[in-house]
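A.B. asks: Got a sequence here, can you model it:
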Amino acid sequence: MSYDIIYKGNVREFEQYLLDKAEQELQQRGHRGMWCQLTDTYVRQLKIIMEDPFPPAEADTDDDEDLPSIKHLTVHVTFDNFFRWGLRVPRTRTGNHRIIFAIHNYHKVVLLHHFDKQYNGVIKLKDIQPAEAHYEDYCVSDPSY
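C.D. replies: Below is the predicted model of the structure:
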């Protein structure tokens with residue numbers, strides 16, 4: 001089963017940012033670097049999420065950087081269908097990117113909010129509030145059942 005990907009919030013802007021940085025890197029350096037690597041990782045992981053957006057069982061996880069780091073959000077959230085996708089390329093200075101998404105009506109992945117997590121620990125309320133606002137807006141046109 002493939003899940004539909006729906007964009008809300010600032011995730012499209014994040015994708016454009018990745019493409020711009022990768023293009024700039026190629027023009028300035030003449031070869032692929034950390035931004036191209038992050039962009040490639042994003043695309044590969046998005047394809048994986050389209051097929052299975054749920055976090056893997058503990059026994060199935062390994063340190064493969066191609067697998068998306070997905071965690072179910074249970075703290076500071078109103079909705080029980082919210083997940084966090086951690087996107088990072090080890091040993092680079094591109095940031096510690098997070099995308100909050102919802103699994104809507106069992107067949108859609110709604111990408112709600114991107115932020116660069118500059119702290120350790122649980123995702124803060126200020127990062128969840130925009131995602132919840134975008135999801136509430138989305139549910140007006142496509143109610144959840």
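
A.B. asks: where exactly do the helices run in the protein?
C.D. replies: Along the chain, counting by DSSP state H, helices occupy 11-29, 34-51, 125-141.

A.B. asks: Pipe those helices into JSON lines and attach mean neighbour count per row.
C.D. replies: C-betas here are computed from N, CA, C, even on glycine. Formatted as JSON lines, the helices of the chain follow (neighbours: other CB atoms under 10 Å):
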{"stretch": "helix 11-29", "mean neighbour count": "14"}
{"stretch": "helix 34-51", "mean neighbour count": "17"}
{"stretch": "helix 125-141", "mean neighbour count": "16"}
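
A.B. asks: ok, the most centrally placed residue in the chain - contacts?
C.D. replies: In the chain, the residue lying closest to the centroid (CA atoms, centre = their mean) is I99, at 3.1 Å. For I99, the contacting residues are 11, 14, 84-85, 87, 111-114, by CB atoms under 8 Å, 6 or more residues apart in numbering.
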